[in-house]
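Enquirer: Predicted model and sequence below, questions to follow.
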Amino acid sequence: MSVVLEQIFQVGFLAAIIRIATPLAFATLGEMFSERAGVLNLGIEGIMLLSAMTGFTATSLSGSLWLGVLAAVLTGALMGAVHALFTVALGLSQHVCGIGVTLFSSGLAYFLYRLIFGQQSVPPSIKSFETLPIPVLSDIPVLGPAVFNQFSLVYMAMAAVPLAAFVLYRTPWGLSVRMVGENPRAADSAGVGVIATRFQAVVLGGALMGLAGAFLSMVQFNAFTFGLVSGRGWVAIALVVFGRWDPWRSAGAALLFAFVDALQLRMQASGLGHIPYEAFLMLPFIFTIVAMAVMSRNAIAPSALLKPFRREER
Amino acid sequence: MFRLEARTSTSAWFNLALPLLAIGATLVLCSGLIALAGAGVIEAYGVMFSASLGDSYAITETLVRATPMIFTGLAVAVAFRAKFWNIGAEGQLLAGAVASCAVGAIPMPGPLAMLLMALAGAAAGAAVALIPATLRVKFKVDDVVSSLLLNSVIFYALMALIEGPWKDSFSGYPISPPIEDSANFPVLLEGTRLHLGVVAAFLAAPVIWFLIARTTLGFRIRVIGENPEAARYGGIHVERVLISTALLSGALAGLAGVSEVGGVHFQVMSDISPGYGYSGIVVAMLARLNPLGVMPAALFLAAVMTGAEAMSRATGVPAFLSDVIQGTALLAMLVALLFTAYRIRRVGAAR
């Protein structure tokens, strides 16, 4: 146990947690915006993959990292718009569309990557961002170098959480999002454009998923590999539920998952683990399923989740 | 201006035409990618067709490929009929594969082994599907998310097995020990991979069709899907039917895993399913949830998958085109289904 504790309070370990949590935080916030507006986006897994591919490709071809990030965000927003077109504008079933978006985006990502880069024995990589130490704060012992000597995208994720909470709870648009997710009929009566608000929320969510993808291919791995996302999108779906559709709790859930994941990686590396590492990777899913069973009595999920809105139907 | 108008009924030919329309639209849309890859569209689709359906060997390969998707397609079709949103066919397939592999490794007479493999695989799949169904019935937990998340749980359980107790101690590869030779499904045509599981899949489809269309359970499944209030009013125990549906659906998905283990791979590895569970959703939607339609729909996807490899070799178009086609076909079908519920009407410009 003491060995484990020693591992935890290391700069490298804390930094690893932050790095694992970052794409999950973006993805979770993205899914949360979508679901708060009443739209489940199972396209997340594919959207992250396609964005990771376009971001990597744009950087690889242009040499500009930020152009890559922009490409990933635009890709995410575009795929969000596709999902919104089907589920919000046309009112098609959200889960089936989401699977369709994931199948389509993943296929397209691999297809285009193979087309652009061909089949190479060593996958091409890019030179990623340098870490950006924040003056003063990065001098705090242990915490400083782990948390405040990070990549700019990590700081963006840290800023995104309070920003998302502010937007959701303190702005008129955030209120509209919550209304159309809870009671679209009432929102419509109050003059809120249900279709427009949902559309915007899903597109914003897609853009955030795009950032998650960008982080994976441009910071975490510096390359686009097959199975790059490997279920992180599904993890985000779980974290949104586990975080009760709240930005702070969802980000907390992402951190908690990152902690378990980092611990698992450490134990694997140090040969300490007698427990198979897969047991750790299963945890977020099992916890979420159990949490859903416990929470369902309180009905915390957005009431109109999965329900399309058509004005003429009563 | 155009507007959507509700429609009450559609003709039979229209129902048949819809999937064809969706597939046609998909092929047209995806031809853009072929052109982008610098290949001739006609040539690429031509190679795809001849390599998957052009000669008898190609056809047997396509049939073998279609088999797991017939099972998962049936699993999804049955579940969706009852509006039990089973997105977990992938995990149920994996559970079925693991269970049948465990049974198949026990030395016993071949026919007995195959029977027990099928039973164990179906039971394992059903057990997994029982979880989201029970959670929905008892705790009102959304079945979409719970069944989806279970896929990851089962996948990691499988990984723990093949990287742990089942790991090949000789090569160190994460693959399970093979099943007994006697448990390998017999090949029905010399020189091909056409195995017993293929026949089982093509028998399962009409059986499930009969079950859905002509039996009391099938009637109940349809009624709780179409109108649960009416079902309850009519004395149908909705929760019980939902559980039965889940068991049936999970068992079918489990059989997909059984047929892959017994007829194709003879062992379990991490990539035993390239997403056949999700493909099952595409198949079921293309089939409009009709068990008989599942067969041609699965054959279409299988042909695309088999053909894509050959197309890639001949024209240089990445074989991942088959994945794009799958996703596009699902989305196109969903849009096409709109025409069954609505018709587009031209209305005069509003004043």
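Expert: That came through, no problem. Numbers count the residues shown, from 1 in each chain, chains lettered A, B, ... in the order given.

Enquirer: C-alpha from now on. contacts and neighbour counts both.
Expert: Will do.

Enquirer: Burial check on B:Phe210, number of neighbours?
Expert: Residues lying near B:Phe210 (other C-alpha atoms under 10 Å in any protein chain shown) number 14.

Enquirer: Surely A:Asn149 and A:Pro135 touch.
Expert: No - contact between A:Asn149 and A:Pro135 fails when scored by C-alpha atoms under 8 Å: they sit 9.1 Å apart.

Enquirer: More neighbours: which of these two?
Expert: For the pair A:Asn149 and A:Pro135, the greater number of neighbours falls to A:Asn149 (21 against 10), based on other C-alpha under 10 Å.

Enquirer: Pairing partners for the more buried one in the sheet, please.
Expert: According to DSSP bridges, the partner residues bridging A:Asn149 are A:Pro133.

Enquirer: Residue 130: how many residues sit nearby?
Expert: In the absence of a named chain, chain A is used. Counted with other C-alpha under 10 Å, residues neighbouring A:Glu130 total 11.

Enquirer: meant chain B actually
Expert: Quick note: B:Leu130 (other C-alpha under 10 Å) scores 22 neighbours.

Enquirer: List the contacts of it.
Expert: Contacts for B:Leu130 (C-alpha atoms under 8 Å, 6 or more residues apart in numbering or on different chains) come out as B:Ile243, B:Ala246, B:Leu247, B:Gly250.

Enquirer: List the buried residues for the helix or strand harbouring it?
Expert: Under DSSP states H and E, the secondary-structure element containing B:Leu130 is helix B:110-139. Within helix B:110-139, the residues that qualify as buried are B:110, B:113-114, B:116-137, B:139, counting by 16 or more other C-alpha atoms under 10 Å in any protein chain shown.

Enquirer: What ranges in the chain fall below the confidence cut-off?
Expert: Unless you meant another one, I'm taking chain A. Applying pLDDT under 70 to chain A flags residues A:1-9, A:271-274, A:296-299, A:312-314.

Enquirer: switch to chain B, that's the one I care about
Expert: Under the criterion of pLDDT under 70, the regions of chain B flagged as low confidence span B:1-10, B:342-351.

Enquirer: Run through the residues of it sitting next to chain A.
Expert: Within reach of chain A by C-alpha under 8 Å from any C-alpha of the partner chain, chain B has these residues: B:37, B:135, B:139-141, B:144-146, B:148-150, B:152-153, B:156-157, B:159-160, B:164, B:278, B:281-282, B:317-328, B:330-331, B:334-335, B:338.

Enquirer: which of those are buried?
Expert: B:37, B:135, B:139-141, B:144-146, B:148-150, B:152-153, B:156-157, B:159-160, B:164, B:278, B:281-282, B:317-328, B:330-331, B:334-335, B:338.

Enquirer: quick one, helices of the stretch 101-250 of chain B?
Expert: Using DSSP state H, counting those that start in this stretch, the helices of the stretch 101-250 of chain B run over residues B:110-139, B:143-163, B:196-214, B:216-226, B:228-233, B:238-260.

Enquirer: Tell me, how many residues neighbour the closest residue to A:Trp173 other than its chain neighbours?
Expert: In space, A:Trp173 comes closest to A:Val167 once its chain neighbours are excluded; the distance is 7.3 Å by C-alpha to C-alpha, 6 or more residues apart in numbering or on different chains. Neighbour count for A:Val167, taken as other C-alpha under 10 Å: 15.

Enquirer: Can you get me a residue count around A:Ala27?
Expert: By other C-alpha under 10 Å, the residues close to A:Ala27 number 34.

Enquirer: What of A:Gly252?
Expert: Quick note: A:Gly252 (other C-alpha under 10 Å) scores 18 neighbours.

Enquirer: for it, phi and psi?
Expert: Backbone torsions for A:Gly252, taken as degrees, to the nearest 10, come to phi -60, psi -40.

Enquirer: If the closest residue in space to A:Pro124 that isn't next to it in sequence is in a bridge, with which residues?
Expert: Taking C-alpha to C-alpha, 6+ apart, and ignoring the residues beside it in sequence, A:Pro124 has A:Ala223 as its nearest neighbour in space, at 6.4 Å. Beta-bridge pairing of A:Ala223 under DSSP bridges involves A:Ser125.

Enquirer: What residues does B:Gly24 make contact with?
Expert: By C-alpha under 8 Å, 6+ apart, B:Gly24 lies in contact with nothing.

Enquirer: Helix or strand: which one has it?
Expert: Here B:Gly24 is covered by helix B:12-36, with elements defined by DSSP H and E.

Enquirer: excluding its backbone neighbours, what's nearest B:Ser182?
Expert: B:Gly110 (4.6 Å).

Enquirer: Ok, B:Leu33 next?
Expert: B:Leu321 (7.9 Å).

Enquirer: wait, does whatever helix or strand A:Ser60 lives in contact chain B?
Expert: Here A:Ser60 sits within helix A:44-62, counting by DSSP H and E. No - no part of helix A:44-62 sits near chain B under the criterion C-alpha under 8 Å from any C-alpha; the closest distance found is 10.5 Å.

Enquirer: What helices and strands are in contact with that helix?
Expert: helix A:11-36, helix A:65-84, helix A:94-117, helix A:194-215, helix A:232-242 (3 or more C-alpha pairs under 8 Å, 6 or more residues apart in numbering or on different chains; DSSP states H and E).

Enquirer: Point out the most buried one among those.
Expert: By mean neighbour count, with neighbours taken as mean count of other C-alpha atoms under 10 Å in any protein chain shown, helix A:194-215 ranks first of the helices and strands packed on helix A:44-62 at a mean of 29.

Enquirer: tell me what that one is packed against?
Expert: Under the contact criterion of 3+ C-alpha pairs under 8 Å, 6+ apart, helix A:194-215 touches helix A:11-36, helix A:44-62, helix A:65-84, helix A:172-182, helix A:184-189.

Enquirer: Would you mind pulling up the elements that the longest one packs against?
Expert: For helix A:11-36, the elements it packs on are helix A:44-62, helix A:143-147, helix A:152-170, helix A:172-182, helix A:194-215, helix A:232-242, helix A:247-270, judged by 3+ C-alpha pairs under 8 Å, 6+ apart.

Enquirer: which stretch among the ones you listed comes nearest B:Thr215?
Expert: Taking C-alpha to C-alpha as the measure, the helices and strands packed on helix A:11-36 were each checked against B:Thr215, and helix A:232-242 came out nearest at 37.3 Å.

Enquirer: Distance from the closest one to the middle of the chain?
Expert: For helix A:232-242, the separation from the chain centroid amounts to 8 Å (computed by C-alpha atoms, centre = their mean, to the nearest Å).

Enquirer: List the contacts of that helix.
Expert: Identification of contacts with helix A:232-242 by C-alpha under 8 Å, 6+ apart yields A:24-25, A:27-29, A:31-32, A:42, A:44-46, A:48, A:246, A:249-250, A:253-254, A:284-285, A:287-288, A:291-292, A:301, B:145, B:148-149.

Enquirer: show me the contacts for the residue of the stretch 1-150 of chain A at minimum distance from chain B.
Expert: Distances between the stretch 1-150 of chain A and chain B by C-alpha to the nearest C-alpha are smallest at A:Phe104, namely 4.0 Å. Taking C-alpha under 8 Å, 6+ apart as the criterion, A:Phe104 is in contact with A:Gly46, B:Asp323, B:Val324, B:Ile325, B:Gln326, B:Gly327, B:Thr328.

Enquirer: switch the cut-off to 6 Å
Expert: The contact partners of A:Phe104, by C-alpha atoms under 6 Å, 6 or more residues apart in numbering or on different chains, come to B:Val324, B:Gly327, B:Thr328.

Enquirer: any idea how far the second one is from B:Gly316?
Expert: When C-alpha to C-alpha, to the nearest Å is the yardstick, B:Gly327 and B:Gly316 sit 21 Å from each other.

Enquirer: What of the first one?
Expert: In this structure, B:Val324 and B:Gly316 are separated by 16 Å, where distance is defined by C-alpha to C-alpha.
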